[in-house]
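Colleague: Predicted coordinates and the sequence they were generated for:
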Amino acid sequence: VERQHEGPTAPELAIRTQRLAKSYGPIRALDGLDLEVRVGEVFGFLGPNGSGKTTTIRILLDLIRPTDGSAEVLGLDPRRDGLALRRRVGYLGGEFVVEGRQTAAELLRYLGNLRGGIAPERVEELTERFGLDPSRRISSLSRGNRQKVGVVQAFMHDPELLILDEPTSGLDPVLQHEFAKLVGETAAAGRTVFMSSHVMSEVQRVADRVGILHRGRLSTVEGIVALQQRASRRVEIVFDPGTAIAPADFEAIPEVSEVVVDGDRMRCRLDGHADQLVKTAAHFGVATFTAEEPDLEELFFESYGSESSGSDGAAAHEERR
Ligand code: ATP
């Protein structure tokens, strides 16, 4: 007998999905997703391209319907309570798409009215903060400036929950930083932020907890600090011309492996804490230091394995494909 829906979410959960599944024909975009996001936290929803992040978010917003399982947002059912949720939730996707000849100010006023009216000072504060000229027609704005309109409309009604789908991909680094600050302030004010990304760097500045999605399933959810300490990444250091370095200089560092030296260039794998590598490199003249984004699939399988009985978890998971 299928376990039935267990009644309203405990008030400490802003999002809860149970065995959430979505198929597009033969493609299982979501494969039994159990997700719990607590009120007041910033939750990073990480996963490689195609892992099901956008599908999850579309279900939470009732833009699509699940094939199976259930989703609750702020204790409500998105399929029934969409109207109430639109006032209490702010949403921003990676590309804010709107048509039309209206100005940013007109659009923001229109959206504000739909949500029951918004203090003009709040809109002004946000547009100024992100350097948006509200008198410009939306159709004349660059992609980055359009995304600023998206940021303002997502935050302007001070929603209890923000659902952000790769929100900063179209913003330059300065605005990404400002956005991260805004997310931090929002959380400090007791709001909940659910933010997806396919790279760890987008969420690491702001997230309290992180879950990794892979083929429609979630691996262990854990604190961002713990996750980063497990993360493995490729590092390349270029030293000043003529610097004499040898693999042995770096091979003794416990977190470092696969050291390759090529002239004044050193490549290696770094697992976790970077401190010793950085200090060792600093004995020589460092010209550039590059660290790749950690591989999310690798992290997924590591945590999947440790959750179940040994490494069998990951193997069993793979077998089902
Ligand atoms: P990205 O980072 O690339 O946006 P994602 O994690 O958001 O990826 P989804 O967009 O949710 O992933 O897609 C999950 C899977 O479902 C992918 O295999 C995708 O090709 C498939 N998919 C998504 N939407 C549809 C659709 N409308 N029709 C068919 N397949 C779809």
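Modeller: Thanks, I have the structure now. Numbering: from 1, shown residues only.

Colleague: who touches residue 126 in this structure?
Modeller: Applying C-beta atoms under 8 Å, 6 or more residues apart in numbering to residue 126 gives the contacts 132, 151, 152, 155, 156. (C-beta placed from N, C-alpha, C; glycine too.)

Colleague: So residue 87, which state does it fall into?
Modeller: Classification of residue 87 using DSSP: H, G, I helix; E, B strand; the rest coil returns helix.

Colleague: Please name the nearest non-neighbouring residue to it.
Modeller: Excluding its sequence neighbours, the residue lying closest to residue 87 (C-beta to C-beta, 6 or more residues apart in numbering) is residue 115, at 5.0 Å.

Colleague: hmm, back to that, now tabulate the contacts of residue 126 in CSV and tack on distance to the ligand.
Modeller: Listed next are the contacts of residue 126 as CSV, based on distance: C-beta to the nearest ligand atom, whole Å:
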residue, distance to the ligand
132, 25
151, 19
152, 23
155, 22
156, 25
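
Colleague: Helices - which of the residues you listed land there?
Modeller: In helices, defined here by DSSP state H, the members of these are 151, 152, 155.

Colleague: The first one contacts residue 180, doesn't it?
Modeller: In this case it means residue 151. No - counting by C-beta atoms under 8 Å, residue 151 does not reach residue 180; the two are 11.6 Å apart.

Colleague: Show me which of the two is the more surrounded one.
Modeller: residue 151 (25 against 17; other C-beta atoms under 10 Å).

Colleague: residues in contact with the more buried one?
Modeller: 92, 126, 130, 167, 179, 182.

Colleague: which of those tops the neighbour count?
Modeller: That'd be residue 167 among these, by other C-beta under 10 Å, with 27 neighbours.

Colleague: Sticking with the most centrally placed residue in the chain, tell me its helix or strand.
Modeller: The residue lying closest to the centre of the chain (C-alpha atoms, centre = their mean) is residue 196, at 2.8 Å. In this assignment (DSSP states H and E), residue 196 forms part of strand 192-197.

Colleague: which parts of the stretch 101-250 of the chain sit against the ligand?
Modeller: The stretch 101-250 of the chain has residues residue 198 near the ligand, with proximity defined as C-beta under 6 Å from any ligand atom.
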